[in-house]
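K.L.:
output the structure for:
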Amino acid sequence: MKDKIHLKKELLKACLLFVENRSLTISAIIKSAQNALQSETKSSAGDKHETGRAMIQLEMEKASLQLVSINQMNETLNKINFQSKDHTAKLGSLIITSIGNYFLSISAGEINIKNKIFFAVSFSSPIGKVLLGTKQGDKLLFNGNQIKILEVL
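P.N.:
Model prediction:
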């Protein structure tokens, strides 16, 4: 069981790194847009100036929304509790199935740990909604495929 908790912690660490990298990328986009906005203010005039400013503002708003999403991901990851002994799939569960291994957390995609593939999925994603609440031995249908739950950790 100790190895399973260690594996889940490794998956959590990979998800946190995913969020951190996205945050750094979005922060760089915002900084670049702010710099572009300042240079646009100094060097442009007329309609072209207004169009350029509007486009930069839209880019900054989009990046700000992405930052909100990143903060929500962090909040979700911070709620994960590895001490639970319940074997029902919930936030933080590692679900081993007949078609793949899923870490119910955030949508971070494929994670490779010790040459094993895991998929970090949000409980609000289509597959996450299907996996949420399942137990070992359950069988379910997803996208026309029958899935057997082999283990919920």
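K.L.:
packing partners for whichever helix in the chain runs longest?
P.N.:
What stands out as the longest helix in the chain, according to DSSP state H, is helix 2-43. The contact analysis (3 or more Cβ pairs under 8 Å, 6 or more residues apart in numbering; DSSP states H and E) places helix 2-43 against helix 46-78, strand 94-97, strand 101-105, strand 109-113, strand 116-122. In this view, the C-beta of every residue, glycine as well, is placed from N, C-alpha and C.
K.L.:
now the second one: buried residues?
P.N.:
Pointing back at strand 94-97 there. 94-97 (16 or more other Cβ atoms under 10 Å).
K.L.:
ditto for the first one
P.N.:
By neighbour count, and taking 16+ other Cβ under 10 Å as the criterion, the buried residues in helix 46-78 are 52, 56, 59-60, 63, 66, 70, 73-74, 76-77.
K.L.:
list the contacts for Gly128?
P.N.:
Applying Cβ atoms under 8 Å, 6 or more residues apart in numbering, we find Gly128 in contact with 102, 104, 121-122.
K.L.:
what about 6 Å?
P.N.:
121-122 (Cβ atoms under 6 Å, 6 or more residues apart in numbering).
K.L.:
how close does it sit to Ile29?
P.N.:
In this view, Gly128 and Ile29 are 28 Å apart by Cβ to Cβ, to the nearest Å.
K.L.:
how does the chain divide up, domain by domain?
P.N.:
2-78, 94-152 (automatic domain parsing).
K.L.:
got any ranges where the protein has weak pLDDT?
P.N.:
1, 40-49 (pLDDT under 70).
K.L.:
related to what we said a few turns ago, nearest to Lys8, of the buried residues of helix 46-78?
P.N.:
Of all the buried residues of helix 46-78, Leu77 has the smallest distance to Lys8: 11.8 Å, by Cβ to Cβ.
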